[in-house]
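>>> Turn this into a model:
(one chain, ligands or ions: 1)
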Amino acid sequence: DEAARQAAFDAAVAADERIEPRDWMPDAYRASLVRQMAQHAHSEIIGMQPEANWITRAPSLRRKAILMAKVQDEAGHGLYLYSAAETLGTSREELLDKLHAGRQRYSSIFNYPTLTWADVGAIGWLVDGAAITNQVPLCRCSYGPYARAMVRICKEESFHQRQGYELLLALSRGTPAQHAMAQDAVDRWWWPSLMMFGPPDEESGHSAQSMAWKIKRHSNDELRRRFIEISGPQADALGLTLPTGEIDWDEFKEVLKGNGPCNEQRIAQRRRAHEEGAWVRDAAVAYAAKHGEGKPS
Ligand code: FAQ
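Sure thing, here's the model as predicted:
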């Protein structure tokens, strides 16, 4: 019965065992995972836009090849995460419809513009750096498919982070104008990167329950502090300085409400890409029907 199933679930979580798709789980656990995993998947694919903005203007063939590979990796991360979310009984189509209708979120960070080439470096260093700090503990998340997706994603994100660091180092050691461009990018991306960790603990409505379920292993503020600590020495090594002061939480709230600098542009581009890709989905369905879905070819 329900009480026995709940007890088995609680015992599995307490023993640090993984919950798998066929296991019984509380409805609220399932719903919260869908919320977080969908938001994560949407962030990966919307997150392709700011950097893709620079692919045609990369300063060398080498930089262009690296950037294209990174943006493709992000599409791949989105796909792992949508697949992991599908194990909870929701479809990718349904999740995308909710994103396009504004009923599910994506990370606040991707609502800021990429104004210069140095922004590509700052995104790799700071945005991927923040993403890794947040995601390494998610490799131990209680839900098996999410935890396993995170292992692979973290390996690729580490490479992305090094890429951004190396790009910024080249600019920082370059001409005075290049150094200034690197510093300006860091000044603009620092605060939004800190906001990626979510609201302060006292305003984080989901944290207590998510930590009890071992979806989250650390609070938003704990991970934010960890990221600030590791970033200091890295900035020194880069010859750049991190801004000092306080996080502007009003700005965060505005971005979540849809009033960030690029919210409208990002969601409009996402919807357009989806519509323009309709023929690919139709072709895939027609191909599957012709060859018999699931049967060996
Ligand atoms: N942006 O109660 P909490 C990447 C919402 S990395 C937008 O603290 P929770 C890699 C939250 O949903 C980025 N919304 O929530 C990459 C909730 O909304 P609700 C993706 C935010 O879940 C790099 C409300 O505020 N990574 O894409 C944000 O316990 C470069 C209250 O918040 C992940 O998604 C935000 N920053 O903790 C790609 C990581 N923060 O339900 C391309 C997985 C909070 O009240 C290029 N997610 N909200 O309407 C998590 O770890 C958690 O969901 C947190 C939020 C920590 C983000």
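
>>> Just the mean pLDDT for the host helix or strand of residue 287, thanks.
If you go by DSSP states H and E, residue 287 is part of helix 278-291. In this model, helix 278-291 has an average pLDDT of 95.

>>> and if you look at stretch 248-262?
pLDDT averaged over stretch 248-262 gives 98.

>>> residues touching the one residue in the stretch 1-150 of the chain that gets nearest to the ligand, list them.
Nearest to the ligand in the stretch 1-150 of the chain, going by Cβ to the nearest ligand atom, is residue 47, at a distance of 2.7 Å. (Each C-beta comes from the backbone N, C-alpha and C, glycine too.) Going by Cβ atoms under 8 Å, 6 or more residues apart in numbering, residue 47 touches 74, 106, 107, 109, 110, 127.

>>> Toward the C-terminus, what is the element adjacent to the longest helix seen in the chain?
The residue-count maximum for a helix in the chain (DSSP state H) belongs to helix 144-172. Per DSSP H and E, the first helix or strand lying C-terminal to helix 144-172 is helix 176-195.

>>> got the buried residues for the helix or strand following that following helix?
Following helix 176-195 in sequence order, the next helix or strand is helix 207-212 (DSSP H and E). Residues of helix 207-212 classed as buried by neighbour count (16 or more other Cβ atoms under 10 Å): 207, 210.

>>> which residues touch helix 207-212?
Taking Cβ under 8 Å, 6+ apart as the rule, helix 207-212 contacts 28, 32, 36, 198, 201, 216, 217, 219, 220.

>>> let's see it at 7 Å
32, 201, 216, 219, 220 (Cβ atoms under 7 Å, 6 or more residues apart in numbering).

>>> CSV for the contacts of residue 47, including pLDDT and distance to residue 63?
Shown next, in CSV, are the contacts of residue 47 (pLDDT from 0 to 100; distance: Cβ to Cβ, whole Å):
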residue, pLDDT, distance to residue 63
74, 98, 17
106, 98, 26
107, 98, 25
109, 98, 22
110, 98, 21
127, 98, 18
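
>>> mind listing which of those residues are in helices?
Filtering the contacts of residue 47 for helices - DSSP H - leaves residue 74.

>>> Let's have the contacts of residue 47 in CSV, adding neighbour count.
Shown next, in CSV, are those (neighbours: other Cβ atoms under 10 Å):
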residue, neighbour count
74, 23
106, 22
107, 22
109, 23
110, 25
127, 26
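
>>> Out of the contacts of residue 47, which is nearest to residue 283?
Residue 283 lies nearest to residue 74 out of these, by Cβ to Cβ, at 23.6 Å.

>>> Roughly how far does the closest one sit from residue 47?
6 Å (Cβ to Cβ, to the nearest Å).

>>> Next: residue 84.
17 Å.

>>> can you check residue 288 too?
Residue 288 sits 29 Å away from residue 47 when distances are taken as Cβ to Cβ.

>>> Good, wrapping up.
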